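Peer 1: coordinates for the following, if possible.
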Amino acid sequence: MQNLIQITCTACLVVATAAAAQTPASQPPAGGTPDKMPFDIPYGTSIGLDTAKKLLAIAETEAMKRDWKMNVAVVDTHGELLAFERMDGAQYASITISQNKARTSARFRRETRVFYNQFETGHAYVNTLDAGLVASPGGFPLIEGGKLVGAIGCSGGTGDQDAAVCKVAADTIK
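Peer 2: The predicted structure is shown next:
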């Protein structure tokens, strides 16, 4: 029995040594260094409940026109929920997804499709940025006068369907 343990420990040491020998001494850089900070949108005053309800109505109208059942969430600049709507028949799993798309978009000041594109091109670190981050199309920041005033997230269809519905509503904020 003691010989078996010694053999196992020796094998583990050989494997660990071989793996360490294959690890490069220094990691390659994570990408280029841009001159300007990307997505550096200043924060503005959060939209109010009335505006959030109007955005829900716009998104619902667009979804109904296409016969898509959606969950739609609107958040403030901090990513906290202002208003939510689940259309009849929309899948339950998409309740949290729509809210997290809106939250991700507000907190990171960018469309959630950006994270989807990064993840799809092999940047797995995206998964480590935030526990509630959603790397899927359908979350849009709400920009008014060049400042972030909230975000909207849709879920229930494909990522592109979600994005199409939410973009119509987000584009009404100027």
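Peer 1: where do the strands sit along the chain?
Peer 2: Assignment of strands within the chain using DSSP state E yields the ranges 71-75, 81-86, 139-144, 147-155.
Peer 1: between the first one and strand 147-155, how big is the angle?
Peer 2: Yep, that's strand 71-75 we're talking about. Calculated by axes from the mean of the first three to the mean of the last three CA atoms, to 10 degrees, strand 71-75 forms an angle of 160 degrees with strand 147-155.
Peer 1: parallel or antiparallel, which strands does strand 71-75 pair with?
Peer 2: strand 81-86 (antiparallel), strand 147-155 (antiparallel) (DSSP bridges).
Peer 1: so what touches it?
Peer 2: By CB atoms under 8 Å, 6 or more residues apart in numbering, the surrounding residues in contact with strand 71-75 are 47, 52, 55-56, 59-60, 63, 81-87, 90-91, 94-95, 97-99, 101-103, 106, 142, 150-156, 165-166, 169. To be clear about C-beta, it is placed using only N, CA and C from the backbone, and glycine gets the same treatment.
Peer 1: E111 against I143, yeah?
Peer 2: No. E111 is not in contact with I143 according to CB atoms under 8 Å; the separation is 10.7 Å.
Peer 1: these two: who's more crowded?
Peer 2: E111 (23 against 18; other CB atoms under 10 Å).
Peer 1: now do the more buried one, the pLDDT please.
Peer 2: Listed pLDDT for E111 reads 96.
Peer 1: that one and V74: what is the separation?
Peer 2: 15 Å (CB to CB, to the nearest Å).
Peer 1: what mean pLDDT does stretch 132-142 have?
Peer 2: Mean predicted lDDT for stretch 132-142 stands at 95.
Peer 1: next one: the residue most central in space within the chain from N71, what distance?
Peer 2: Of all residues in the chain, the one closest to the mean position by CA atoms, centre = their mean is V134, 3.0 Å from it. Shown here: V134 relative to N71, a distance of 12 Å by CB to CB.
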